[in-house]
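> Kindly return the folded structure for what I paste below:
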Amino acid sequence: MFGKAIAIVLGLGIMATALLETRQKRYEVAAKISRTHWRLLEQQRELWRCRAQVASHVRPDSIRLALDSMKLQWRPIPHRLDAPTPPTQPRLAADPGVKDADAIAVEFGG
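Predicted coordinates:
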């Protein structure tokens, strides 16, 4: 009887220790996540500070002055979203007015 009581107390002690260890690990992981999140926010704040500093130092007149001092031929970058020129006359895929002889040859393949 005494041995069973010791075994039960010992088992409960081991389970309690395991529970405390698991809980402590959970607290440590939560603290690590919190520290990582704080570091991420600080890095984002520093990034925005750097962007604001660059934006305050880069002004159109200073850029023009720097370009003039380099003595190079600069060209503007074309706008990439320019609309293509529209076709002169829209055509339908199955135009009944086009005969087989007038049809445009279509090639398939890669």
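> what's the following helix or strand after the helix or strand containing residue 51?
Taking DSSP states H and E as the definition, residue 51 sits inside helix 2-57. The helix or strand immediately downstream of helix 2-57 is helix 60-70, counting by DSSP H and E.
> So for residue 23, what's the pLDDT?
Among the per-residue scores, residue 23 shows a pLDDT of 96.
> I meant to write residue 82 there.
57.
> Quick check: mean pLDDT of stretch 27-34?
For stretch 27-34, the per-residue pLDDT averages 96.
> how about the CA coordinates for it, as PDB?
C-alpha atoms of stretch 27-34 as PDB (Å, rounded to 0.1, in the frame of the first residue of the first chain):
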ATOM      1  CA  TYR A  27       5.600  31.500 -22.300                       C
ATOM      2  CA  GLU A  28       9.100  31.600 -23.800                       C
ATOM      3  CA  VAL A  29       7.800  31.100 -27.300                       C
ATOM      4  CA  ALA A  30       5.200  33.900 -26.800                       C
ATOM      5  CA  ALA A  31       7.900  36.200 -25.500                       C
ATOM      6  CA  LYS A  32      10.100  35.400 -28.500                       C
ATOM      7  CA  ILE A  33       7.300  36.100 -30.900                       C
ATOM      8  CA  SER A  34       6.600  39.400 -29.100                       C
END
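> in that stretch, what counts as buried?
The neighbour-count check on stretch 27-34 (16 or more other CB atoms under 10 Å) flags nothing as buried. In short, each C-beta sits where N, CA and C put it, glycine included.
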